[in-house]
Every structure is written in structure tokens, then in C-alpha cells.
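> Generate a structure from the sequence data that follows.
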Amino acid sequence: MLSLPALRVGTLARRGVLGAASIRAAHGHSGHVATQEDMSVPQYYDKRSSPLPDVPYHKELGAEQKALKEKEKGSWKQLSNEEKVALYRLKFNQTFAEMNRPSSEWKTVLGGIFVFFGFTGLYVWWQRVYVLPPKPHTLTDEWKAQQVKRMLDMRTNPIQGFSAKWDYDKSEWKK
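Next up is the predicted model:
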């Protein structure tokens, strides 16, 4: 005997709702396949250890950028500062000074550490309140005082230990 969900799955499969094409479309794979970049060709990267990459930052140039590249072949005295900066940005993404600029990544790392410590503290507190048993009665101050009195009455380790520091005549600790 088939259950109701099994019958529904069969109906949906016949309608094409559970077909491979609809599943791919629902998950964003509607005919567009991600291409893997060829790692055997040189890649652009900004790196302080080697500030001159093998390939330029912009590989495909627009019409305005191509005109600027043609103008570059002439005298650089005719180029404005903005055009020189634009030419530089065609080749490089960052300047060496921008690469050496300190990042604020330490704030993220420190924030993550504090969040971790916070959650750990909450977890430990939760365990102490709801999971761990209460402290034993032997850790109360009254019990400790009675234990000290009992050890003194039994004269435990009277030569160099606990009882050696108690004055039995005056009933107080030796000074």
C-alpha cells in the first residue's frame, strides 16, 4: 500500500516538477555553467614581495582605454596627470604604497576572539547553572571550620605540620 506522500511524489514527477531541469533551475543552474579559470596561464596579483605582476590588471580594454593606450605611445609630456594615473590603473590595481598600507584585519580577528570568549563564557555559565550539580556541603565555610577544629583536636602532624602551628594552651594560632 502506497502512502499519500509517495503518491504526491509520483504526481509531481509526472508533471515535470521534480525533473532534473527544474531542479537545476531552482538551484540557479539554469543553463549557465561556471567556467573554471585556466591556472596554467599567468594571473594578475598584487603582492608586496613581487610588485610587478606578469599580466596587466585590465586584460580587455574599452574604446576609451584603447585610445589612451595609443596616446601613451607618443610623448608623455602631452599626457595630463589624470591620464597618467588612468594608464597606471590599466596596468596595476594598487600602488606600492596602497599595498603597504596597514589593513584593519586585526579588528576582525580580535572581534572574533572576543565573540568566541563570550560564547565560551555563556556556555560555561549555562553548564554551572543547569548541568553541573550544586557544590558539595563539604566546601562551605562552616564545614571547613569544623574540619580544622577536628584536625587540631586529633593533633594531626604535630611536629612540622598543621598542628605544630597551633598553640593548644592559648587556643590560637602561633605567631
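
> Now do the SS call for Lys84.
helix (DSSP: H, G, I helix; E, B strand; the rest coil).

> Pull up the per-residue confidence for the closest residue in space to it that isn't next to it in sequence.
For Lys84, ignoring the flanking residues on the chain, the nearest one in space by C-beta to C-beta, 6 or more residues apart in numbering is Trp76 at 7.3 Å. C-beta here means a position set from N, CA and C on the backbone, and glycine is covered the same way. pLDDT, Trp76: 89.

> ok, Trp76 to Glu83 distance?
9 Å (C-beta to C-beta, to the nearest Å).

> Looking at the two, which one has more neighbours?
Legend: neighbour count by other C-beta atoms under 10 Å for Trp76 and Glu83, higher for Glu83 (14 against 11).

> can you pull out the helices in this protein?
4-15, 20-26, 63-72, 81-91, 96-100, 105-126, 141-153 (DSSP state H).

> what does the last one contact?
Helix 141-153 is contacted by residues 137-138, 162-163, 166, 168 when judged by C-beta atoms under 8 Å, 6 or more residues apart in numbering.

> and those, which are buried?
Those of the contacts of helix 141-153 that meet the buried threshold are 163, 166, by 16 or more other C-beta atoms under 10 Å.

> which one among the contacts of helix 141-153 gets closest to Ala97?
Thr138 (66.7 Å; C-beta to C-beta).

> Quick one: residues contacting the closest one.
Contact partners of Thr138, counting by C-beta under 8 Å, 6+ apart, are Gln147.

> Read off the pLDDT value for it.
So Thr138 comes in at 95 (pLDDT).
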